[in-house]
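Colleague: missing the sequence, but the structure's below:
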């Protein structure tokens, strides 16, 4: 098994792995790539957090720790990890410069590129939302951090701020083996058969494969990382992402996309020394608890297959429901367009002429949303939806968002009006103004979903709600789809598979101009665009 290479430069392909000696002789692409998944990202955030890791019957755990500078291996059937707060001899300053705060990794990565263009070394983190920090090991002292912030403010940049916390105690991880308690920040846990049962805070046990590591993260807590083979990882992803009742060809399409997505996104958690998370911020991964023989067969049939464009892994984005039209990359996030992620009417039939009737036009968009037949997702619950909120409800959710993002307009009391200012050709709202008692809050792209409660996607129009005195009391959001709407529609793939479309044809429909091919040493995983 080969560990995946860490992202140190702009890209990594298997060819570079070979050059670094990280791809062993005779190793076959697609069946020996090991990835690092943070299966518990914030262990120790709650005071009574526990993680109980057990071997399977007839097996044993091997626990590696450092003792006196030497590696020591303990053997046991079960380890319960706990976290306690230990008083510090003297208070410590935990501080960093937040350059920007974003709802998604994709936009945070584009923001990071901007700050680098100014000569600032940065890192992308996820303390809650995605953030771009001035690199901590470069801006090491309070003076350097304040000088940076002062310089940025002098140049007119208003979003950066200093996050400072004085810590009087420190989280300490510990476990007991053989009646002795060990306090260790880094622990590696293996089993002979490579399987574990993990129970978090006394909840239901889940089975995971690979090797486990407990390690500190950037937020004063710990992350439990699983080193797992990519094909085994897919067994814990595909059933939860596509659903157990999906047609076979839809499952195959999802498997190829999930494999491509994982390998392209190994840089997401570089700041915390692992690669992917196990939540919707990456792909949902629940280990081997809910595996399906039928889905396992689809994984085996597509082993090593990935989707590429110009010999680079595609940005394999997907959502549950597009609402009848897919979005281009820039409809939702900031950053360079992906030529294969563009607006496509999500139907096997010509139900709408997108070139002749752009959905950027408000009236055309309303006519489109009124259609509900002939689409791949027709009949799905969130294909079309209406959700309402009062002005006070909108003010409450918006204020929470403004506080969370340290927005200068935080502290609003009332929302007075919403106004859509701009749409994309796929109908997505690109810019929405919220008039408040403290001024206009301008919401862009996917931040609209983060800031307001009702929208299930940015594919909507606004219907004002009036009282008997003809006064505005709120809005009904009338729209379609669930999620960002970029790339493959999972429910859409159901319909196409039921029509007899192969996985390859489904992928070509949602990612036009791409190539389906086996993973090999020539493929670039990710290349930063200029």
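Modeller: Perfect, I can see it now. What you see is a predicted model, and the numbers here were worked out from it, not measured in a lab.
Colleague: Remind me which helix or strand residue 93 belongs to.
Modeller: Here residue 93 is covered by strand 78-102, with elements defined by DSSP states H and E.
Colleague: what packs against the following helix or strand past that strand?
Modeller: Going down the chain from strand 78-102, the next helix or strand is helix 105-117, by DSSP H and E. With contacts taken as 3 or more CB pairs under 8 Å, 6 or more residues apart in numbering; DSSP states H and E, helix 105-117 sits against strand 78-102, strand 122-125, strand 130-134. (C-beta placed from N, C-alpha, C; glycine too.)
Colleague: I'd like these as TSV, with mean neighbour count, mean pLDDT and distance to residue 484 appended.
Modeller: Output for the helices and strands packed on helix 105-117, formatted as TSV (neighbours: other CB atoms under 10 Å; pLDDT from 0 to 100; distance: least, CB to CB, whole Å):
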stretch	mean neighbour count	mean pLDDT	distance to residue 484
strand 78-102	16	94	14
strand 122-125	21	98	19
strand 130-134	24	98	14
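Colleague: between those, which gets nearest to residue 163?
Modeller: Of all the helices and strands packed on helix 105-117, it is strand 78-102 that lies closest to residue 163, at 5.5 Å by CB to CB.
Colleague: quick one: that closest one to chain centroid distance?
Modeller: Per CA atoms, centre = their mean, to the nearest Å, the displacement of strand 78-102 from the mean C-alpha position of its chain is 23 Å.
Colleague: Same check on stretch 342-356?
Modeller: Here stretch 342-356 shows a centroid-to-chain-centroid distance of 28 Å under the convention CA atoms, centre = their mean.
Colleague: Helix or strand for residue 476, just tell me which one.
Modeller: Here residue 476, judged by DSSP H and E, is contained in strand 472-479.
Colleague: Other residues contacting that strand?
Modeller: When contacts are taken as CB atoms under 8 Å, 6 or more residues apart in numbering, the neighbours of strand 472-479 outside the stretch itself are 323, 369, 384-391, 393-394, 416-418, 454-457, 459-467.
Colleague: Can you show me the helices along the stretch 351-500 of the chain?
Modeller: Secondary structure of the stretch 351-500 of the chain, counting by DSSP state H, counting those that start in this stretch: helices at 362-370, 391-404, 447-451, 490-498.
Colleague: any idea how far residue 398 is from the most far-flung residue of the chain relative to its centre?
Modeller: Relative to the average C-alpha location in the chain, and by CA atoms, centre = their mean, no residue lies farther out than residue 469, which sits at 45.3 Å. Distance check for residue 469 against residue 398: by CB to CB, to the nearest Å, it reads 25 Å.
Colleague: And residue 336, by the same measure?
Modeller: 30 Å.
Colleague: Out of the helices and strands packed on helix 105-117, which is closest to residue 167?
Modeller: When the helices and strands packed on helix 105-117 are ranked by distance to residue 167, counting by CB to CB, first place goes to strand 78-102 at 4.8 Å.
Colleague: so what does the closest one touch, helix or strand wise?
Modeller: Where contact means 3+ CB pairs under 8 Å, 6+ apart, strand 78-102 is packed against strand 50-54, strand 61-67, helix 105-117, strand 130-134, helix 142-154, strand 161-177.
Colleague: can you tell which of those is closest to residue 344?
Modeller: Closest approach to residue 344 among the helices and strands packed on strand 78-102 is made by helix 105-117 (19.4 Å; CB to CB).
Colleague: Spell out, range by range, the helices that occur in the stretch 151-300 of the chain.
Modeller: 230-235, 238-242, 248-264, 293-301.
Colleague: what comes up buried for the second one?
Modeller: This means helix 238-242. Within helix 238-242, the residues that qualify as buried are 238, 239, 241, 242, counting by 16 or more other CB atoms under 10 Å.
Colleague: Give me the contact list for it.
Modeller: Residues lying outside helix 238-242 but in contact with it, judged by CB under 8 Å, 6+ apart, are 250-251, 254-255, 258, 283-286, 290-292, 295, 298-299, 490, 493.
Colleague: pLDDT of that helix, averaged?
Modeller: Along helix 238-242, the predicted confidence averages to a pLDDT of 96.
Colleague: chain center to that helix, what's the gap?
Modeller: 15 Å.
Colleague: Give me the phi and psi for the residue nearest to residue 374 when sequence neighbours are not counted.
Modeller: Residue nearest to residue 374 in three dimensions, not counting chain neighbours: residue 351, with 4.3 Å by CB to CB, 6 or more residues apart in numbering. Note on residue 351: its backbone torsions stand at phi -90, psi -20 [degrees, to the nearest 10].
Colleague: What's the local residue count around residue 351?
Modeller: 15 (other CB atoms under 10 Å).
Colleague: quick one: which of residue 336 and residue 398 has more around it?
Modeller: Under the criterion of other CB under 10 Å, the comparison of residue 336 against residue 398 puts residue 398 first, with 23 against 12.
Colleague: and the more buried one, what does it touch?
Modeller: 412, 415, 434, 436, 441, 451, 452.
Colleague: For this protein, which helix or strand comes out least confident on mean pLDDT?
Modeller: helix 14-19 (a mean of 36; mean pLDDT, DSSP states H and E).
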